[in-house]
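Asker: For reference, the sequence and a predicted model appear below.
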Amino acid sequence: MSEKNETVKKISALHKSLLDQYSSYPEQDLRTQYHPDLSQLGWHLCHVSFIEQYWLREVVVGDDSRTSGLHKDFFPELIEKGKRGGLPVLADFDQLQADFNDAEDLLSQLSSAACDHPLMKNDYLGWFLIQHAEQHMETMQMALQQRAMTNVSEAVFTAKYFDPRDPVIPDLIIAAGEHDIGSDDILACDNEQPVHKVTLPEYLFASKMVSNAEYLGFMLADGYLRQEFWSDEGWQWNRNCQHEAPEFWQQDGQGNWYSLSAQGQSDIDANAAVSGLSWYEADAFARYAGCRLPHEFEWEAAMNSDSALMLSTGQAWEWCANTFFPYKGFQAFPYERYSTPWFDSQHYVMKGSSLYSGESVRQPSFRNFYQPTKRHVFAGLRLAQGL
């Protein structure tokens, strides 16, 4: 199969995965909003289909016959999340299958033909749509996680006890010097460009993410009750919310912690990376450990300096110290709202990937971003220190 047709193969596999997983869900589950920040499962399915039709057929081909009446329903900025569950098409899997098939056929035709539209250069649009679908698939997993937390099983679960641990201090020395940041790869988003150089002083960087056992140590050290570990804003958030554990942790009758996910109740792996933390919690843990969160440049530079380090990622997104911002020379692409609205100093960068992330984001340059209060994201942290 040619390189261009590889995008058709991949997007077809994504379509099959979505249909196989969600076509058996009760309609009510597809229409229910399980978290204020998360759209309904059925809306995500239709949005993925709409975006494919919009870019391939409406933008590239110039045919809006399948999409013009749907802009108001499936462009996120035009419809409130709370109203999305009532759209009549959300549970129409015959239509969804037809739209997916049409998108695959159209992408195949455009990729194989001598299409001179700039979005088809190097099959950019195919890769863009793959990345878009994979990102929504991860968000749908977040919704399933919240669905599980809404419908907690009444079955008694006895959790396996695990010991808390002291924080592991960063163990890798990253030498001072100049580092390339960003990417010009076909998968690079506009906010990863242009590639540029930054000069960083020497610093320490952890070879592993903070584990569940280390985070339990923070909890048992009264980390949620000790103001000295929190920023002023974080402490106010902490007092208002009264959290005492990561988002996905539950306690059994003996006080032992276990995990609740879309797969059900399970024991917590003490060695696995902690997940379900807000930026404020990640920052507080870093202070408790006598460390700090890495700047995203430090994170990316460390990963680029040792390719084996990327093998330590993938359990959870990793909060970074800095807010999301445009690189010098940034140009919005393929549309203005892809990144620009989030350069508001209210979103913090995440690096790495989670257990539910697609392959398209698993590169050192990729930049995820969320507000510091968000715990429904599959996010944890890695420690850093200055020297």
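Answerer: Happy to help now that I have it.
Asker: what about the spatially closest residue to residue 310 that is not a sequence neighbour, how many neighbours?
Answerer: Nearest residue to residue 310, sequence neighbours excluded (CB to CB, 6 or more residues apart in numbering): residue 303, at 5.6 Å. To be clear about C-beta, it is placed using only N, CA and C from the backbone, and glycine gets the same treatment. Residue 303: 20 surrounding residues under other CB atoms under 10 Å.
Asker: Repeat that for residue 216.
Answerer: Neighbours of residue 216 under the rule other CB under 10 Å: 22.
Asker: Test my guess that it contacts residue 251.
Answerer: No: with contacts counted by CB atoms under 8 Å, residue 216 stays clear of residue 251, the gap being 11.7 Å.
Asker: got any residues that touch both of these two?
Answerer: Both residue 216 and residue 251 are in contact with residue 257, where contact means CB atoms under 8 Å, 6 or more residues apart in numbering.
Asker: Okay, buried residues for the longest helix seen in the chain please.
Answerer: In the chain, with assignment by DSSP state H, the single longest helix is helix 124-150. Using 16 or more other CB atoms under 10 Å as the test for burial, helix 124-150 gives 124-149.
Asker: ditto for stretch 262-276
Answerer: Of the residues in stretch 262-276, those buried (16+ other CB under 10 Å) are 265, 268, 270, 272, 273, 274, 275, 276.
Asker: which stretches of this structure form strands?
Answerer: Along the chain, the segments classed as strands by DSSP state E run 172-174, 177-181, 196-200, 203-205, 249-251, 257-261, 264-267, 316-323, 348-353, 368-370, 379-380, 384-386.
Asker: helices and strands around the third one, which ones?
Answerer: Packed against strand 196-200 by the contact rule (3 or more CB pairs under 8 Å, 6 or more residues apart in numbering; DSSP states H and E) you find strand 177-181, helix 296-305.
Asker: Please name the residues that touch the closest residue to residue 256 other than its chain neighbours.
Answerer: Counting by CB to CB, 6+ apart, residue 256 lies nearest to residue 159, which is 3.9 Å off, once chain neighbours are set aside. Residue 159 sits next to 251, 252, 254, 256, 257, 258, 267, 268 when contact means CB under 8 Å, 6+ apart.
Asker: Now a PyMOL select for only the buried ones of the residues you listed.
Answerer: Selection of the buried residues among the contacts of residue 159 in PyMOL, burial being defined by 16+ other CB under 10 Å:
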select buried, resi 256+257+258+268
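Asker: right, and the pair among the contacts of residue 159 with maximum separation?
Answerer: 254 and 268 (14.0 Å; CB to CB).
Asker: can you give me the helices for the stretch 51-200 of the chain?
Answerer: In the stretch 51-200 of the chain, the segments counted as helices under DSSP state H, counting those that start in this stretch are 71-74, 93-112, 124-150.
Asker: how much space between the residue nearest to residue 310 and residue 174?
Answerer: 10 Å (CB to CB, to the nearest Å).
Asker: again, but for residue 210
Answerer: 18 Å.
Asker: Please say which of those two ends up with more neighbours.
Answerer: Neighbour count, other CB under 10 Å: between residue 210 and residue 174, residue 210 has more, with 27 against 21.
Asker: Tell me how far the more buried one lies from residue 54.
Answerer: From residue 210 across to residue 54, the span is 40 Å (CB to CB).
Asker: Ok, residue 296 next?
Answerer: Distance of residue 296 to residue 54, computed by CB to CB: 31 Å.
Asker: sorry, back to before: using a markdown table, lay out the helices and strands packed on strand 196-200 together with distance to residue 234.
Answerer: Shown next, in a markdown table, are these (distance: least, CB to CB, whole Å):
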| stretch | distance to residue 234 |
| --- | --- |
| strand 177-181 | 27 |
| helix 296-305 | 19 |
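Asker: Could you dump these into CSV with mean pLDDT and distance to residue 236 added?
Answerer: Conversion of the helices and strands packed on strand 196-200 to CSV gives the following (pLDDT from 0 to 100; distance: least, CB to CB, whole Å):
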stretch, mean pLDDT, distance to residue 236
strand 177-181, 97, 33
helix 296-305, 98, 25
